[in-house]
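[1] Below is the sequence, then the predicted model.
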Amino acid sequence: MSKIWLDSETFSEVPITNGSHAYSESAEVLLLPWAVDDGPVQLWDATEDPQPPDSLKSALAQASEQYWHNAMFDRPVMKWAQPELFELMPAHKWRDTLVQGLSHGLPGSLGALSEIFNLGDNAKDKRGKQLIQMFCKPQAKNSKLRRKTRLTHPAEWEEFKEYAKSDIRAMRELHKKMPKWNYPRNPEEMNLWFLDQRMNMAGVYVDIELAEKAIEAVTIAQACLADEANDATNGEVTAATQRDKLLAFILKEFGVSLRDMRSDTLERRLLDPDLPDGVRELIAIRLMASTSSVSKFKRLIKGVSSDGYLRGLTQFNGAARTGRDGHRLFQPGNMMRPTIPQKDIEIGIEAIKAGCADLITDNVMELTSNTMRSVIIAPPGKKIVVADLANIEGRVAAWVAGEAWKLQAFRDYDTFLLDDKGQKTPHKKDFLRKGPDLYVKSYSEAFRVPLAEVGDKPRQIGKVMELMLQYQGGVGAFLTGAATYRIDLDDLARVGREAIPDHVWAEAENFWDWSIDTKRNTYGLSHDTFCVCDSIKRLWRASNAEIVMLWGKIDSAARSAIASPGEDFKAGSKLTFRRDGNWLRMILPSGRSLCYPSPRIDEGGGMSYMGVSQYTRKWERIRSYSGKFFENCCQAIARDVLFYNLPAVEEAGYSVRVKIHDELLTYAPDGLLWGPNHLADLMSKPALWASGLPLAAAGFEGYRYKKG
């Protein structure tokens, strides 16, 4: 079974920042180095001979596996620029060393991987960046020479050819050194990657008109807001986007010091009844000016292919510590939560297209931001069918820990009551269920409030409790949840104080005193707000004893595995920790491993490993603890659950185009056989390895994407 190693050096007038698919439509291959197995690296210079050599075509045809680094770039390039060779590259032969790295907790960059593994002579040539700038991109518009080539710079071109060969040597060596547990030796993961590649090559259909009209509406609105800011500051601030000038003006004129211009900071200050009217007006202008998603619309337009599809939106295993998708280009997983009703968004879309958005709203910026999802539409003859797994992380957490009461609560909520005719019983907008949803029940349990009295706002508090506390979070976790779900913690304190038992309140006050005495972080909260948050944490932990115990088991198993390579250590009944060489593995029920390179027990007793920091984006030592390992495992298992049913979803006629967290966005024939309930049923079938895990999903269908 032979392997062929390949890379391409290319030129295109289109910037690569527009996405590999838009880039590829006008790309040309300059150099294509390759090697068979451990043989010598060969090179085809397509600028010297436009016909691929027979030896390359023969090697492609005979190789059983074709390895690239970042196939999401090379695949569309080869399709557009070298269709003859692309015919010799069937999907099942492709492999990707970038995905191999991501699948095992490593970065994707070839250069970063080369440094991590100390490749020495086989390391990626750092001179390559300069050569790429020289030959792969058009020169500056004011340059006399618009394009540098083999003929204009022959000496540098010879360097460029050697650099191209070095990439082959580096990726071949890295493939040998990197683990292969998840990729490419796991057949289930390989099949999922093949499906992922098909999805990225297919893409989503885009309403270009809406995107272009939204940009026009925003441009007009920004000019109006700039005039308002200019008038309100007597010309000292000519645009509300001038952060530093605006901060300085507010301090000078009103004596009000604002820490920053973050939206959450400004929204909190607007709640201050003593805020001067002039400051209130400027903050309102600033908030409107900063809510636009115009940059996303522009990025989308630049990235759309000539046929109206936007492709290459997800990176398989892009979230290296869990294996969830990374989102690229348009960032479909990072769209704002709607702030206006869906019916108003739909009216707004028509107004934006008609060029009269300002006639239906005073905040055009907010309206256009809310239409971001809506640019994804169904192509002719198709419809969009979307379904989302319900509270999958909470269900997984309860299942992994064996939290019996919570698992039963999920099952009760999933069970619809039937009338004497065997029909679901209508109840308000939904059907009557055997039990309440978990967030309602969680709030009821914590605050000792009857279920019937838990409305929308308390339910949101219950949601924050469940999402923020199950990973060993404390008071600090409430700040994250409050920012995400727009909850006023001081209001929470006023609501919750009387419902907290005295003995729990006393424990929370003791913790406050200890935090003050030891100068620990109290997050700027008042005494009562801090103590209410800490009390809720204690109440939640008391009712989730199995999850709390699992934290301890994970801690023990991880430490034991780090200290005893080659041995298996169980954490509960569903997780196994094992150290193989320089890798700590958390083996999931699916058989996939979460990988932590270079694990160790630090001097202070904490655990750490090497990884890419989500804050610095650098490869560095990352501290961890049992709650974080538990979070990783819950998110990873949720990913495995979603991915498990992808083949069945496709076989049923749904073409999956994007996976967004726990949601599938699909295209289906515009007929009665396909719909959200059917899709939800397919997604809710438990995997063979997930016996006892209660699953549920719900969704919608239509011709334009929206928040379900």
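    That came through, no problem.

[2] What are the buried residues along stretch 347-360?
    Across stretch 347-360, burial judged by 16 or more other CB atoms under 10 Å covers 348-349, 351-353, 357. Yep, even glycine has a C-beta here, placed from its N, CA and C like the rest.

[3] And stretch 492-510, by the same measure?
    492-493, 495-496, 500, 504-505, 508-509.

[4] Of these, which pair is most distant in space?
    Across those, the longest distance by CB to CB is 18.5 Å; it joins V495 and E509.

[5] got the contact list for stretch 405-421?
    391, 394-395, 398-399, 424-425, 431-438, 441, 543-544, 692, 694, 696 (CB atoms under 8 Å, 6 or more residues apart in numbering).

[6] Tabulate the buried residues of stretch 492-510 in CSV, adding columns for secondary structure and pLDDT.
    Output for those, formatted as CSV (DSSP: H, G, I helix; E, B strand; the rest coil; pLDDT from 0 to 100):
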residue, secondary structure, pLDDT
L492, helix, 78
A493, helix, 81
V495, helix, 74
G496, helix, 74
I500, coil, 87
V504, helix, 93
W505, helix, 95
A508, helix, 96
E509, helix, 96
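
[7] Tell me the one of the residues you listed nearest S2?
    Among the buried residues of stretch 492-510, and counting by CB to CB, the member closest to S2 is L492, at 63.2 Å.

[8] Could you pull up the contacting residues of the closest one?
    461, 482, 529, 532-533.

[9] Have a look at this protein and report the helix or strand with the lowest mean pLDDT.
    Ranked by mean pLDDT, DSSP states H and E, the weakest helix or strand in the chain is strand 426-427, scoring a mean of 42.

[10] can I get the buried residues of stretch 492-510 in CSV with distance to Y309?
    Listed next are these as CSV, based on distance: CB to CB, whole Å:
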residue, distance to Y309
L492, 45
A493, 50
V495, 48
G496, 50
I500, 54
V504, 56
W505, 58
A508, 54
E509, 59
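
[11] which among those residues gets closest to W157?
    For those, the nearest to W157 is L492 (65.5 Å; CB to CB).

[12] Distance of that closest one relative to L588?
    Applying CB to CB, to the nearest Å, the value for L492 to L588 is 35 Å.

[13] In the stretch 351-500 of the chain, where is pLDDT below threshold?
    417-431 (pLDDT under 70).

[14] The stretch 201-350 of the chain now?
    292.

[15] For stretch 652-659, C-alpha coordinates in CSV please.
    Coordinates of each C-alpha in stretch 652-659 appear next as CSV, following Å, rounded to 0.1, in the frame of the first residue of the first chain:
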residue,chain,number,x,y,z
ALA,A,652,-32.3,9.7,4.1
GLY,A,653,-31.9,12.4,1.5
TYR,A,654,-30.7,15.4,3.6
SER,A,655,-27.6,17.0,2.3
VAL,A,656,-25.8,18.3,5.3
ARG,A,657,-24.1,21.6,4.5
VAL,A,658,-22.9,23.0,7.8
LYS,A,659,-22.6,21.6,11.4
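
[16] Centre of the chain to it, how far?
    The chain centre lies 19 Å from the centre of stretch 652-659; the measure is CA atoms, centre = their mean, to the nearest Å.

[17] try stretch 618-638
    15 Å.

[18] Would you mind checking the average pLDDT for it?
    The average pLDDT for stretch 618-638 rounds to 96.

[19] Buried ones in it, by neighbour count?
    619, 622, 624-638.

[20] First-to-last residue distance for stretch 50-68?
    21 Å (CA to CA, to the nearest Å).

[21] tell me which element the closest residue in space to G702 that isn't next to it in sequence falls in.
    Counting by CB to CB, 6 or more residues apart in numbering, the nearest residue to G702 once its immediate chain neighbours are dropped is I384, at 5.7 Å. Under the criterion of DSSP states H and E, I384 resides in strand 382-389.

[22] Give me the below-cutoff pLDDT ranges for the stretch 51-200 of the chain.
    Looking at the stretch 51-200 of the chain by pLDDT under 70, you get 121-126.

[23] Strands of that one, residue ranges please.
    Counting by DSSP state E, counting those that start in this stretch, the stretch 51-200 of the chain has strands at residues 65-68, 94-96.

[24] Which of the buried residues of stretch 347-360 fall in helices?
    348-349, 351-353 (DSSP state H).

[25] which among these gets closest to K296?
    I352 (14.6 Å).

[26] From D358, how far off is that closest one?
    Taking CB to CB, one finds I352 at 10 Å from D358.

[27] any shared contact partners between those two?
    A217.

[28] thinking again about what came up before, just checking, the residue nearest to G702 touches Y705?
    Yes. Using CB atoms under 8 Å, I384 is in contact with Y705, at 5.8 Å.

[29] Which neighbours do these two have in common?
    376-377, 665.

[30] ok, those vs V548, which is closest?
    L665 (36.4 Å).

[31] my guess is Y485 meets Q460, correct?
    Yes. At 5.3 Å, Y485 counts as touching Q460 under the criterion of CB under 8 Å.
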